[in-house]
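In: requesting a structural model of the entry that follows:
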Amino acid sequence: MRPKEHPELIFDVIPKLYESLTKVFVTHLGQVENQVKTLPRKFCRMYTTRPLANQLLQYLQKRKAHISEQDFHVVEEGKPFELRLSDGRRLEAMLCAGTALGCSLVLLIRKIQGGRLLYFYSAVQQDDLCQLVANPVFNSWIAQGTDLLFLNLTAVDQPFVHVDYDTLAATIDKLPRQENSVVRLKLPLFGYEPLVRRLGHTLLYGHIRLMGNYAESYALLSSDLQRFECRDYRVKVHIFDGEDFATLTSRAERFVMLRLDHLKWSPLPSRMNLIQLCSLVRPQHIHGIVPHHSVGNVPPAPEYLQRFRASYSPQQPQSPRPAAAALSRVQPDSRKTAHHVIRKKGLEFLSDDDDDTGMAASD
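Out: Now for the predicted structure:
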């Protein structure tokens, strides 16, 4: 997507056509396979961190794309860097990791002189917000909030489901298996790495094997692969990407397929994750993320997120006061009742002649 005020900045979309002034920020690779089904002849300059640059470069080179290290502007995670725009203006940006593996980032952009952020952008689940909050530079940048908060609202109306990774691992371990068979999990190549890492820290430690392309791609994010390569442990789970599954699986092998929806985890930001981000940065406005060249309007953020805006003021209809409401029920036609005012006459003083006349009459 492109922010309206700075159209030469693009977030998480690889353009089909090359533009020398375009700056592409890559914060995750969840949709990259769909974006590059048709490879560009030349890639726009891409700003990202080393782990994501390595993953994307390896994937595109396997696809025989015309790409090299020179097409990336690699920045250090959690360190500000300067952006020079085509009109001569300068901005300051920072990419920070919301997971231990560094495969899902948030993007912060502000004016060079500091102050409130112009943009805070988060497109996927930030699985470990403690990693963000532990960065003092990040805290100083969000201290004054942000003008625009861009969020992925795809799952905004879905109920929050807590994922207990130990329970999930126990469920996988108890799946019915024949002798010498394994559980097979087919995952997208990008996006689910935080879940795989967490499963490696459960009772499945040493019992998971990453296979083929998935193993090569995951290794670019972390050198801590011991939990997936223990030779003394019985292999219980094989993890493939979709392309490798057909080529690395023979009909003679016995296995149990684990459906993706049984994992109860998704790279899409959950309801709780959206609330956490909104309360963290206190935005002036919340916008849904729009894919590049998309058609149609993104619905506004729901009320439960809007209440975290710094400028939020609930518009509630004024209800009548209880006493007034009770009065209107008791006297429904009081407005139409005519009230007559009786004017008292002034005092009249009698003369002596009147008194005599009165007394004579009484006799």
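
In: tell me where the longest helix sits in this protein.
Out: helix 50-62 (DSSP state H).

In: backbone dihedrals for residue 132, please?
Out: phi -70, psi -50 (degrees, to the nearest 10).

In: sketch out the low-pLDDT regions of this protein for me.
Out: 176-180, 246-253, 291-297, 315-363 (pLDDT under 70).

In: the domain parsing of it - what is it?
Out: Structural domains annotated on the chain: 9-158+268-306, 165-263, as defined by automatic domain parsing.

In: tabulate these (TSV), appending distance to residue 314 and mean neighbour count.
Out: From N, CA and C alone the C-beta is placed, and that goes for glycine too. Converted to TSV, these look like this (distance: least, CB to CB, whole Å; neighbours: other CB atoms under 10 Å):
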stretch	distance to residue 314	mean neighbour count
domain 9-158+268-306	8	17
domain 165-263	36	16
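
In: residues contacting the next helix or strand after the longest helix of the chain, please?
Out: Beyond helix 50-62 in the direction of the C-terminus, DSSP states H and E gives the next helix or strand as strand 72-75. Identification of contacts with strand 72-75 by CB atoms under 8 Å, 6 or more residues apart in numbering yields 23, 45, 46, 47, 48, 49, 50, 53, 57, 81, 95.

In: try stretch 130-146
Out: With CB under 8 Å, 6+ apart, stretch 130-146 has contacts from 78-80, 94, 96-100, 106, 108, 110, 115-120, 126, 280-284, 310.

In: on that earlier part again, what is the nearest of the contacts of strand 72-75 to residue 224?
Out: Taking CB to CB as the measure, residue 224 sits nearest to residue 50 out of the contacts of strand 72-75, at 16.1 Å.

In: before we move on, the earlier item: out of the domains of the chain, nearest to residue 3?
Out: domain 9-158+268-306 (5.9 Å).

In: for the longest helix of the chain, name the packing helices and strands.
Out: helix 32-35, strand 45-49, strand 72-75, helix 212-219 (3 or more CB pairs under 8 Å, 6 or more residues apart in numbering; DSSP states H and E).

In: so how far is that helix off the chain centroid?
Out: Helix 50-62 sits 24 Å away from the centroid of its parent chain (CA atoms, centre = their mean, to the nearest Å).

In: mind exporting the C-alpha coordinates of that helix to PDB?
Out: Only the C-alpha atoms of helix 50-62 are listed here, as PDB (Å, rounded to 0.1, in the frame of the first residue of the first chain):
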ATOM      1  CA  ARG A  50      19.000  -8.900   7.100                       C
ATOM      2  CA  PRO A  51      16.900 -12.000   8.000                       C
ATOM      3  CA  LEU A  52      14.100 -11.000   5.600                       C
ATOM      4  CA  ALA A  53      16.400  -9.800   2.900                       C
ATOM      5  CA  ASN A  54      18.200 -13.200   3.000                       C
ATOM      6  CA  GLN A  55      14.900 -15.100   2.800                       C
ATOM      7  CA  LEU A  56      13.500 -13.100   0.000                       C
ATOM      8  CA  LEU A  57      16.800 -13.100  -2.000                       C
ATOM      9  CA  GLN A  58      17.100 -16.900  -1.700                       C
ATOM     10  CA  TYR A  59      13.400 -17.400  -2.800                       C
ATOM     11  CA  LEU A  60      13.700 -15.100  -5.800                       C
ATOM     12  CA  GLN A  61      17.000 -16.500  -6.900                       C
ATOM     13  CA  LYS A  62      15.400 -20.000  -6.900                       C
END
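
In: now what about it, what contacts it?
Out: 26-29, 32-33, 36, 39, 46, 48, 67-69, 72, 74, 101-103, 105, 189-190, 213, 216-217, 220-221.

In: ok, now with 6 Å
Out: The contact list for helix 50-62 (CB atoms under 6 Å, 6 or more residues apart in numbering) reads 26, 29, 67, 72, 74, 102, 217, 220, 221.

In: how close does the last one get to residue 16?
Out: The gap separating residue 221 from residue 16 is 27 Å, by CB to CB, to the nearest Å.

In: quick check: end-to-end length of stretch 1-15?
Out: One end of stretch 1-15 to the other measures 10 Å (CA to CA, to the nearest Å).

In: show residues contacting that stretch.
Out: The contact list for stretch 1-15 (CB under 6 Å, 6+ apart) reads 21-25, 27, 35, 44, 86, 121, 123, 289-290, 292.

In: out of the helices and strands packed on helix 50-62, which is closest to residue 163?
Out: Taking CB to CB, helix 212-219 is the member of the helices and strands packed on helix 50-62 nearest to residue 163, at 19.6 Å.

In: all the helices of the stretch 101-250 of the chain, in order from the start?
Out: Assigned by DSSP state H, counting those that start in this stretch, the helices in the stretch 101-250 of the chain fall at 129-133, 136-142, 165-173, 193-199, 212-219, 242-248.

In: now render these as TSV, adding distance to residue 148.
Out: TSV is the format used below for those (distance: least, CB to CB, whole Å):
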stretch	distance to residue 148
helix 129-133	18
helix 136-142	13
helix 165-173	34
helix 193-199	26
helix 212-219	32
helix 242-248	35
